[in-house]
Every structure is written in C-alpha cells, then in structure tokens.
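Peer 1: Show me the folded form of this:
(chains A and B)
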Amino acid sequence: MVANDMAWTRFGKKKDMPGGLWIKCESCGAMLFRKEFEQRNRVCQTCNYHFTLPARERVALTIDEGSFEEKWIKLGAEDVLDFNDRIPYREKLEASRKKTSESDAMVTGKASIKGIPCAIGVMNFQFMGGSMGMVVGTKIALLCEMAAEEGLPVVLFACSGGARMHEGAVSLMQMAKTCGALQRLHKAGGVSISVMTHPTTGGVTASFSSVCDFLIAEPGALIGFAGPRVIATTIKKELPKGFQRSEFLLEKGQIDRIVDRANMRNELARLLAYSTGLDPVAIYKAGEEKADGEVIDGQKAVAADAEVTTKTDKKADAKAKKADAKAKRVDKKKAKPKAKAKKV
Amino acid sequence: MSQSSTKPAVQDGLAFERPLNELQTKIDELRSLSSGSHLELQGEIDLLEDRLKRQTAEVYEGLSPWERVNVARHADRPLTTDYVTMMLDDFVELHGDRLYGDDPAIMTGLATMGEHRFLMVGHRKGKTVKDRLACNFGCAHPEGYRKALQKMQLAQKLKLPIISFINTPGAYPGIGAEERGQASAIARNILEMFALEVPIITLVIGEGGSGGALGIGVGDRVGMLENSYYSVISPEGCAAILWKSGEKAPEAAEALKLTSKDLLRLGLVDKVIPEPLGGAHRDQKGTIANVRVQLSEWLDELKGIEISELLDQRYRKFRQMGVPVEL
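Peer 2: From the prediction side, this is the model:
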C-alpha cells in the first residue's frame, strides 16, 4: 500500500512513469510489474534477486500477525559532532525521519515467530542507508539486555552500509557496544540469530551481525567488510565473479545457511525451536493453514536443502504465495498510519 | 577556492613543518660553524633555539585536524616496534594464529617492563620500505586479528594483563582478507575482548583507523597520544563518499572530530597522553617515557579491581558511548 502510494505520487511526473508502474531488476534487468513484485515481497521472479526490504515489511513478513510489541520507538540520534558535509547532519536526520516516519534505522521489539517468543531487531535501509549510529547501537544493546533478562532468543536482521560517518567515532564505538551486549547475552545462555540481507557491509558486518550463534543470509546479498570498489582500487585487479555475495560466503565457510525470503519465517522458527527446546517438526507445521500438500512440499524443501539454490523453484513459489497473503494481511493493518505520513 | 587540476590530490598536510625545519637546519649549521672555528656564536644559537621553541609551540597549538592526521602518520613517529625496543626490558615475540598464517601487521608477545609483565599486542607498520610492504603499512588481515585473539586468550590463562597499541590506517581491504572473514575476525575479537578475564589497556599511538583499530581496541582503559587520531573512517574515505572528492580530506578530518581532544570531550577515551614539544617524531625517547609512566599507573590501578567488577565496568564503559535522546 505504501509503495503504491509512492507510485501514484510519481505518476504525475512523466519521466518517472516507468519507475512507478514497472521496476527494472537490479540484477537481471527484467522489467517487473510493481504490484506483482511487491506481492512477491520484492523478489525478482525471473532471477530470484532479493531486493532490499523496508523494515516494517520485514517485520510483518517474519512474525506472527499482531504479535509485535515495539520497544524504544522514540529513540533518536543527537548530533554530538555538529557534523556538516554541506548539509548539516541535523537536517539530514530531520529529512530521513520525515521520509520514513521512523526515528532511526532500526525497529526493535518483542514478537513471536510461529508461536515462539523472541526479541527482534530489523534494520531499515531507507533511513540513511541503514547506517549504524548511537540509536541502532543502543537499541541492539537494549534488546540483548532485555532478552538476557527474560530468557528470549534474539533475531537480528542486518541491512546496512555500515557505521554512520556523521557520528564519527561515536558510531565506531557502537560496534563495541553491540558486541559487548551480545557477549553478555551469550554468557547468560541466550541464543542469537543474525540474518544478513542485501547489503550488509562495513561496521555492521564487522560487529553484531557476524558474531551471533547462527549466521543466515538471503540469496545474492552483498556481505563484506570493505566495499567492492575500495578493494578493486586497492588491489588494482578485477574482483572474482560473485565476490562477497552470500553464495561466496557460504562456500568460504563464513555463514551457516542461505535462506530464500519466502522460507525465512519457517527457517527462523525451526532454529528458534532448536534453541528453545521445542519440537522443530511440530513448529514447522504449526501455523500452516490446511493445504496438506504445501506442508509436505515445505518438508521436502528442507530435506533437499533447497535454500541454497538461487533460482526460483516451485516450492519457494508456493511458500512465497502463502507468506505474501500473510504479509498483506498484516500490512493492511500496519501500513495505514504510515501511508498517511507519507503524504505529508 | 579555485579548482585547479594541477594541484596535488590532497594538500600537503605537513607544510607547517617547513619553517620549523628550516630554523632547525640554520641552528645546526651555526653549531657546526662554531665548533669548527673561533667564532663565538653561542649567543646567536641560543636566540634561535628560543625562537624555534616558541614557534613550535605556537604551530602545534594551532594545528588543524588534518594536520594532526599527518603528524599521526609521520615517518619518524615511534611505532609499536620502537616501544618494544625502547620501553620494554624483555620481549618474547609469539607468532601465528594456528589457523592460517602469521600476519606481520600485528605483533604479539610476552613483555616485561620494570616490575610489570603483560602481553603486548600492536599493529606493526614497518620501518624500511621492505618491512612496510610486508606489513601492508599496518593494515592487518584476518589472521592478524585471530593471532591477537589467540595470544590474548593465552594471556588470560597466564593471568597476564594485556596492552594493545593501535596504529593502523584500517584493516586490509583485499580478496583474501574478505574470503577469510575480515569482518568476522574483527567482530569476534571485539566480542571476546569483553569476556577476557584480565585487565586490558589500549593506546592509540598513531592512526586509529576504524574497525581495524577497534579489532584490538576494547579495553578497561583507553588512551590516545596527543597527536594521534581515532576515526570511524579515514578522512580520505569520508571525503570521497560525502564530498565526492578525495581532495576534501581536510574538511572531512575537521567534520569527523577525530583528534585526541575531541575523543576525550566525547567521552570515548579516558586520557590523552602528552607528546613532547613539536610532536612524538621530534622526541621518540620523551614520548616513550611518557607512555611508560601512564601504562605503569594504569597497570597498578587495574590490578586492584576484582575481575567480575572489571568486566562489568568494561561493558558499561562502552555501553554509555553515544546516548540517544527521546524524540
């Protein structure tokens, strides 16, 4: 709904018309009908490229409908450096807050995934490239502290260009803050799951998102420490094909699994079940509304480790449709106030 | 400012040193002249030396952040290896990460300094061209960070405190580094340093370049030498991204608030250790003596703190860095 709104506002401008109704896949170049593309949760039906997903959509897609108890909503950044790169940081913050109707680049709270309670944090790329500053760092720390106290597992979705330069060394220290919080969570017996989505780079990769107990990635996501351009100019060589993509990281032993967006909710539920002593098989089936065939399909998908393939397959398709329907329902509820804000 | 393309990429950050160096040369000349003849030049020399002192103090008082970055990178500035040879009474270097290799860009070893024994960890930049190339100019690979962690965990077993010297432009950006998990090596170090049950002191002695610095930078006491810098990104990198031009590095250095004074004001470091007049590169011995005094003081101080309390304090220290506001 939100994105449809945007399409309509753009519709007035002639040159933007294609951008409104159609989207060109960043990966394969295929033209995708926007409405269909959104129904597929921003995954290209031709090449299975996973586009960046706004935080609220991610939350809706991942958790049980109506289970989200958002926390620390109003935390905002302070411009302690008086940073100015032609446009003052203050103004950039203000503009980003207006544009996204969010206070910063991370949404945090308590929720359940297929009935399993957890603490969840999702980065929002729409807010200054999902950069990590004092707000993201502090929210992750608060989330881990709460989880440790209440015995909840933590799920963190990363989607970020790295540390927020506008907060200088303060943002650098958020790397320490988040790792320190995770260390204490782990020491208290808490379990953490990191999901790295496109893109996850710099200080976010080099901190909390790489030291969780489970490391999951969406297909084709760019994940790395240094940006590919920096590396190419440093070594003055062409980078290998697929460098720093999820599949590359899996091959190099850097991550546990690659999971399609359409399967993510189910996969997280399975890991959470193992982490909390529940029956993964029962959890896997739970919440699947009738349609026996689809459940069996899902199990086959698991057995075949289908998540490694980057191409769309029928199983993922079936899952996607179901997840779509679910997300849409939640979306309708959640998107209303946001849509209003967009128009302002 | 005009945008002449004939200018060097980034303005010379050490231009301010030129008049000081000229004056110094003049003094040296007069001195050799006076020793080789019967001329009485001592009065003149004293006068010039006095002037040099005053001028040096003035220049260093008013350095811009970008100029300080260049002082931090000065070729004659004492490196980790200088501290090892000049500050320590004994040093047993330990190599290798037990997984892949031995990264010369980070050196680790058991050290004795007076009555203190500790594990010394530090970025190594190298003195000669050959050394510098071997050390990638102080840019460590994952194996460097893993070596540091393996030795720090050894220090924990031996109940030795850890002293870490930071001096890196940043972690190495390369294919191998990424393949072997540069990000995860740094993140793992940061996480594990919160768990190490021995006191940790970290000191930025030159360049505190981003995650590559923080990868050995979690400590109970964090200090910075007066003319060192500590930043989330290099001024050049920041300028390239936000100003779309590497030439704007001086502006970026200003905006990033990366000097020792700034970090102290922001509550990100505990103390700034003063350098002798005119910077550490003018007086290595003096600098190293100042560092030695501060390290001894901190080692004594930390010895008295109970471990569980120390770990709590360590977390709280970083936990309070960057406090958001309620909107």
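Peer 1: Show me the residue of the stretch 51-200 of chain B that gets nearest to chain A, please.
Peer 2: Nearest residue of the stretch 51-200 of chain B to chain A: B:P173, at 3.3 Å (Cβ to the nearest Cβ). C-betas here are computed from N, CA, C, even on glycine.
Peer 1: what about that residue, how many neighbours?
Peer 2: 22 (other Cβ atoms under 10 Å in any protein chain shown).
Peer 1: Model confidence for it, exactly?
Peer 2: B:P173 is assigned 95 on the pLDDT scale.
Peer 1: next one: A:P337
Peer 2: According to the prediction, A:P337 has pLDDT 43.
Peer 1: B:N290 too?
Peer 2: pLDDT, B:N290: 98.
Peer 1: cool, and B:E40?
Peer 2: At B:E40, pLDDT is 79.
Peer 1: Okay, and the nearest residue to it once chain neighbours are set aside sits in which element?
Peer 2: Leaving out its chain neighbours, the residue that sits closest to B:E40 by Cβ to Cβ, 6 or more residues apart in numbering or on different chains is B:S34, at 7.4 Å. Assigned by DSSP states H and E, B:S34 belongs to helix B:17-36.
Peer 1: Now that helix - C-alpha only, CSV.
Peer 2: The C-alpha trace of helix B:17-36 is given here as CSV (Å, rounded to 0.1, in the frame of the first residue of the first chain):
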residue,chain,number,x,y,z
GLU,B,17,56.7,21.8,9.5
ARG,B,18,58.8,23.5,6.8
PRO,B,19,59.6,26.8,8.6
LEU,B,20,60.4,24.8,11.8
ASN,B,21,62.7,22.5,9.9
GLU,B,22,64.4,25.4,8.2
LEU,B,23,65.1,27.1,11.5
GLN,B,24,66.4,23.8,12.9
THR,B,25,68.8,23.5,9.9
LYS,B,26,70.1,27.0,10.5
ILE,B,27,70.8,26.2,14.1
ASP,B,28,72.6,23.0,13.2
GLU,B,29,74.7,25.0,10.7
LEU,B,30,75.7,27.6,13.2
ARG,B,31,76.6,25.0,15.6
SER,B,32,78.9,23.2,13.3
LEU,B,33,80.4,26.5,12.2
SER,B,34,81.0,27.5,15.8
SER,B,35,82.7,24.2,16.7
GLY,B,36,85.0,24.4,13.7
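Peer 1: Go through that helix and flag the buried ones.
Peer 2: Neighbour counts over helix B:17-36 (16 or more other Cβ atoms under 10 Å in any protein chain shown) mark B:E17, B:L20, B:L23, B:Q24, B:I27, B:L30 as buried.
Peer 1: Would you format these as JSON lines with pLDDT and distance to chain A included?
Peer 2: Shown next, in JSON lines, are those (pLDDT from 0 to 100; distance: Cβ to the nearest Cβ, whole Å):
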{"residue": "B:E17", "pLDDT": "91", "distance to chain A": "26"}
{"residue": "B:L20", "pLDDT": "93", "distance to chain A": "29"}
{"residue": "B:L23", "pLDDT": "93", "distance to chain A": "35"}
{"residue": "B:Q24", "pLDDT": "92", "distance to chain A": "34"}
{"residue": "B:I27", "pLDDT": "93", "distance to chain A": "39"}
{"residue": "B:L30", "pLDDT": "89", "distance to chain A": "45"}
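Peer 1: closest to B:F137 among those?
Peer 2: Of all the buried residues of helix B:17-36, B:F137 sits closest to B:E17, with 21.1 Å by Cβ to Cβ.
Peer 1: Distance-wise, check that closest one relative to B:A155.
Peer 2: Between B:E17 and B:A155 the computed distance is 39 Å (Cβ to Cβ, to the nearest Å).
Peer 1: Which strands and helices lie in contact with whichever strand or helix holds B:N189?
Peer 2: Taking DSSP H and E as the criterion, B:N189 maps to helix B:182-193. Helix B:182-193 is packed against helix A:168-187, helix A:202-205, strand A:223-224, helix B:142-157, helix B:210-214, with contacts defined by 3 or more Cβ pairs under 8 Å, 6 or more residues apart in numbering or on different chains; DSSP states H and E.
Peer 1: what is the mean pLDDT for that helix?
Peer 2: Regarding helix B:182-193, the rounded mean pLDDT is 98.
Peer 1: Next, the angle helix B:142-157 makes with that helix.
Peer 2: 10 degrees (axes from the mean of the first three to the mean of the last three Cα atoms, to 10 degrees).
Peer 1: Next, the buried residues of stretch A:258-278.
Peer 2: Across stretch A:258-278, burial judged by 16+ other Cβ under 10 Å covers A:258-273, A:275, A:278.
Peer 1: centre of the chain versus stretch A:111-127, how much separation?
Peer 2: Relative to its parent chain, stretch A:111-127 has a centroid offset of 9 Å by Cα atoms, centre = their mean, to the nearest Å.
Peer 1: Buried residues, that stretch. List them.
Peer 2: Residues of stretch A:111-127 classed as buried: A:111-114, A:116-127 (neighbour count, 16+ other Cβ under 10 Å).
Peer 1: what do you get for stretch A:225-233?
Peer 2: Neighbour-count burial for stretch A:225-233 [16+ other Cβ under 10 Å]: A:F225, A:A226, A:G227, A:V230, A:I231, A:A232.
Peer 1: which residues touch the residue lying closest to the last one once chain neighbours are set aside?
Peer 2: I take that to be A:A232. Closest residue in space to A:A232, ignoring its immediate chain neighbours: A:L239 at 5.7 Å, by Cβ to Cβ, 6+ apart. By Cβ atoms under 8 Å, 6 or more residues apart in numbering or on different chains, A:L239 lies in contact with A:P228, A:I231, A:A232, B:I175.
Peer 1: can you rerun that using 10 Å?
Peer 2: Residues near A:L239 by Cβ atoms under 10 Å, 6 or more residues apart in numbering or on different chains: A:P228, A:R229, A:I231, A:A232, B:I175, B:E178.
Peer 1: do you know how far the last one is from A:F225?
Peer 2: Which is B:E178. According to Cβ to Cβ, B:E178 and A:F225 sit 6 Å apart.
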